[in-house]
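A.B. asks: Here is my input, please return the structure:
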Amino acid sequence: MRLLLVEDERPLAAALGRGLREEGHQVDLCENGADALAQARALPYDVILLDWGLPDLDGLSVLRAWRREGLQTPVIMLTARGAVAEKVAGFDAGADDYLPKPFAFEELLARLGALARRGGGGATGLRAQVGDLVLHVPRRSLARGDAEVTLTAREFDLAGALFARPGDVVTRSELLGRVWGPDFDGEPNVVDVYVGYLRKKIARLAPEGAVLETVRGLGWRLRAER
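C.D. replies: As a prediction, the model looks like this:
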């Protein structure tokens, strides 16, 4: 499964990420609520593991925002809060499961398996848009009007990171972390290669519209107009 882990305790996040990857899952990590909001909007996940106690927005606020926007991805709340009232608040906000800390890794795997068997809403129906260029999450494609091109898995993840922050400069290190993962030890210029692929597809769809530009010495920026 593709998982989003939202956890600000770095030792715990590292241990969970490593264990989940060893089980064959793909794991993206966010350390605060603002990044988690953008990441879940941009990319489709099978399950989100969401810590309640985040340094900016608390997990409950993040979850409520996702549900208001129509995001139906299953969410497991991870928290040291164990009071019944707090569990009820989590479920009322849209949580699908609740795992109090500390927990056994085997129990987390069991709960992930249970959610997978139940089937989740995932990101079906979600999309991101910059100008008249649309990133369709369920179809993993770019579209402008009636024209559409399919993206590879890596192109899609890269596009999601850029569509999540239209007009902002996204650095090479940010893209490496979000798209290739924190443990990537390959050549950093792999980002340039995939930016080139994505730029060609954007230009094919929107030659006079959205543009993916290089900001020398900083990174890349997706803008609505030339």
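A.B. asks: okay, CA-based contacts and neighbour counts for the rest of this
C.D. replies: Will do.
A.B. asks: Run the chain-centre distance for the helix or strand harbouring residue 41.
C.D. replies: Residue 41 belongs to helix 33-42 when assigned by DSSP states H and E. Relative to the chain's own centre, helix 33-42 is displaced by 6 Å; criterion: CA atoms, centre = their mean, to the nearest Å.
A.B. asks: can you pull the buried residues of it?
C.D. replies: Within helix 33-42, the residues that qualify as buried are 33, 36, 37, 38, 39, 40, 41, 42, counting by 16 or more other CA atoms under 10 Å.
A.B. asks: Quickly note the distance from residue 150 to residue 137.
C.D. replies: For residue 150, the distance to residue 137 equals 11 Å [CA to CA, to the nearest Å].
A.B. asks: Tell me which of those two has more neighbours.
C.D. replies: Higher neighbour count among residue 150 and residue 137: residue 137, with 22 against 14, using other CA atoms under 10 Å.
A.B. asks: Need the pLDDT of the more buried one.
C.D. replies: The model reports residue 137 with a pLDDT of 71.
A.B. asks: so residue 49 is in which element?
C.D. replies: For residue 49, the element it lies in under DSSP H and E is strand 47-51.
A.B. asks: May I have that strand exported as CSV, CA atoms only?
C.D. replies: Taking C-alpha atoms only, strand 47-51 is exported to CSV below (Å, rounded to 0.1, in the frame of the first residue of the first chain):
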residue,chain,number,x,y,z
VAL,A,47,-4.2,4.7,4.3
ILE,A,48,-3.0,7.8,6.3
LEU,A,49,-1.4,7.3,9.7
LEU,A,50,-2.0,10.6,11.6
ASP,A,51,-0.5,11.7,14.9
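A.B. asks: quick one: contacts for residue 80?
C.D. replies: For residue 80, the contact set (CA atoms under 8 Å, 6 or more residues apart in numbering) comprises 100, 101, 102.
A.B. asks: Walk me through the domains of this protein.
C.D. replies: 2-118, 127-223 (automatic domain parsing).
A.B. asks: what is the mean pLDDT for the first one?
C.D. replies: Translated: domain 2-118. Across domain 2-118, the average pLDDT comes to 86.
A.B. asks: What of stretch 184-192?
C.D. replies: For stretch 184-192, the per-residue pLDDT averages 85.
A.B. asks: From the chain's centroid, how far away is whatever helix or strand residue 85 lives in?
C.D. replies: Element membership for residue 85 (DSSP H and E) is helix 84-93. Computed by CA atoms, centre = their mean, the chain-centroid distance of helix 84-93 equals 24 Å.
A.B. asks: quick one: contacts for residue 218?
C.D. replies: Contacts of residue 218 by CA under 8 Å, 6+ apart are 169, 170, 171, 172.
A.B. asks: Looks like residue 161 contacts residue 176 (just checking).
C.D. replies: No - contact criterion CA atoms under 8 Å: residue 161 and residue 176 do not qualify, at 10.3 Å.
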